[in-house]
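# Everything below, folded, please.
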Amino acid sequence: MTLPRFGRLLVLTLGCIAYLLVAGEALYRFTDGYRFDVAKLEPRPRTDAAPLDDHAAERALVEETRIDHKIDPDLFFSPPAMLDKPANPEIAERAKINTDMYGEENFIWNDAYLRNLPPETWLRKQKTDIVFAFRSYDGSTHPKFRLYPDTQSTLGTTNHFGWFSPDTTVDKPGDTIRIAIIGDSTAQNTIALYLQGFLNAWSTRSGARYRFEVLNAARQGLLQQDFIRILKYEVAPVTPDYVIFTEAPTILYQKGKLWTASPAIDTARPLPRRPFWLVREAHRLLKAPARWSALAERILKALDDTLPGEPEREPSKPAVELNPPLNMAGPPTLDDARTSPFFRSYLDDLDQLTATSADAHIIPIFTTDRACAYPGMAVSRALNPFLFGSINGPDY
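Numbering: from 1, shown residues only. This next block holds a predicted model:
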């Protein structure tokens, strides 16, 4: 063995011995010579512990805005009714494959609608071979779809009727008040669970002998003709006592009929369905609207990766002149409203909903959402500064 080679071997041996000695000493100290202690975390001086109730702001708002002061604000924080369903592997797999359909891949489609699909429907983009369908109630295309029952999906959890509400029976139990909700995407959520929890908490607190069931048959994109069929064929058979019809405002789509924008602004220019160069086309089409539309400006910034890390103010809006079909010289009447084709059709549908409700001995309640047109229209600053700032502020 040469001297250099022997030297390298000696250095390696000494290094291994030193490593073993150090490792052995460390192991001894951790396992025998020393022990582990439990550290106790102490709060910093003048740091209060987190409150158990994290709804202080909401409770204050309820206390300030409630009309009936006999109702305890705590009732508004009652636990919701429960709706728990196991995930369906097939539904989950369809959602995984069709990432750009936003839940439509699991709709149960009206077979009358499937027979004559419009060319722009997203259903043509579906990447799975199987399409769920149900037989049309009366040969019409209304409603276009139902939701898949008894499962969890990207849209939420549904009961055995495909509704966003707890399971129930067709026959109504005794001493039970049933409230049905028929609406569009603004009600396609867990509102029924919270409303049922609140009402039953109130019933228990007040000693009433009635229990409440809230049925939520809302789904996105529904219109009045859909409401009529859902009421007649889906909801009426389970004999609710009340039905709440709720939808978002449709006046936004009535350009030229109910409102007119500045001539310099083309708000009706359509976006291409499938542009090949999205960024270029978006800038071409949205450059002008971005001057007054926060949504258009946000889309362009998102495409350019220049989105700020905080909310931005709404840009100034173009002048808009309302053209209501009403006799402004005196109190408006339904006859005035019926002079507009839009309102005439809308009121005819409301009449049909009222008649169908009466035939089924259901009390109808009609409501809708409305956007603020000017500061203070919905709520005054003096009544509630916090709510006023939230609704009428620039971020809204």
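# How about stretch 128-136, which residues are buried there?
133, 136 (16 or more other CB atoms under 10 Å). For the C-beta atoms, the positions are set from N, CA and C on the backbone; glycine is no exception.
# Let the chain start at 38 from now.
Happy to do that; since the first residue is 38 now, the last one works out to stretch 165-173.
# which residues touch it?
Stretch 165-173 is contacted by residues 131, 134-135, 142-151, 160, 183, 185 when judged by CB atoms under 8 Å, 6 or more residues apart in numbering.
# Using CSV, write out every CA atom in it.
The C-alpha coordinates for stretch 165-173 follow below in CSV (Å, rounded to 0.1, in the frame of the first residue of the first chain):
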residue,chain,number,x,y,z
THR,A,165,-68.1,12.4,-21.1
ASP,A,166,-70.3,10.1,-23.2
ILE,A,167,-73.3,9.8,-20.9
VAL,A,168,-75.8,12.7,-20.5
PHE,A,169,-78.4,12.6,-17.7
ALA,A,170,-81.9,13.4,-18.7
PHE,A,171,-85.5,13.4,-17.4
ARG,A,172,-88.8,13.3,-19.4
SER,A,173,-90.3,16.7,-19.9
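# Return the mean pLDDT over that stretch, rounded to an integer.
Averaging pLDDT along stretch 165-173 yields 93.
# Then stretch 204-222?
For stretch 204-222, the mean confidence score works out to 95.
# follow-up on the earlier one: so which of the contacts of stretch 165-173 comes closest to Thr50?
Relative to Thr50, the closest of the contacts of stretch 165-173 is Ile134; by CB to CB it sits at 61.0 Å.
# What is the burial count for that closest one?
The tally of other residues near Ile134 (other CB atoms under 10 Å) stands at 12.
# which stretches of the stretch 138-287 of the chain have low pLDDT?
Along the stretch 138-287 of the chain, segments meeting pLDDT under 70 span 157, 286-287.
# For it, which segments count as helices?
Assigned by DSSP state H, counting those that start in this stretch, the stretch 138-287 of the chain shows helices spanning 148-151, 228-243, 261-266.
# Can you tell me which of those is most buried?
Ranked by mean neighbour count, those are led by helix 261-266 with a mean of 21 (mean count of other CB atoms under 10 Å).
# Break this structure down into its structural domains.
Following automatic domain parsing, the chain resolves into domains at 102-120+200-297+370-433, 121-195, 300-355.
# show me the contacts for Thr158.
Per CB under 8 Å, 6+ apart, neighbours of Thr158: none.
# ok, now Ala93?
Ala93 neighbours (CB under 8 Å, 6+ apart): none.
# hmm, back to that, let me have the helices of the stretch 138-287 of the chain in a markdown table, adding distance to Thr195 as columns.
What follows is the helices of the stretch 138-287 of the chain, written out as a markdown table (distance: least, CB to CB, whole Å):
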| stretch | distance to Thr195 |
| --- | --- |
| helix 148-151 | 20 |
| helix 228-243 | 11 |
| helix 261-266 | 17 |
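# quick one: which of those is nearest Thr370?
helix 261-266 (20.7 Å).
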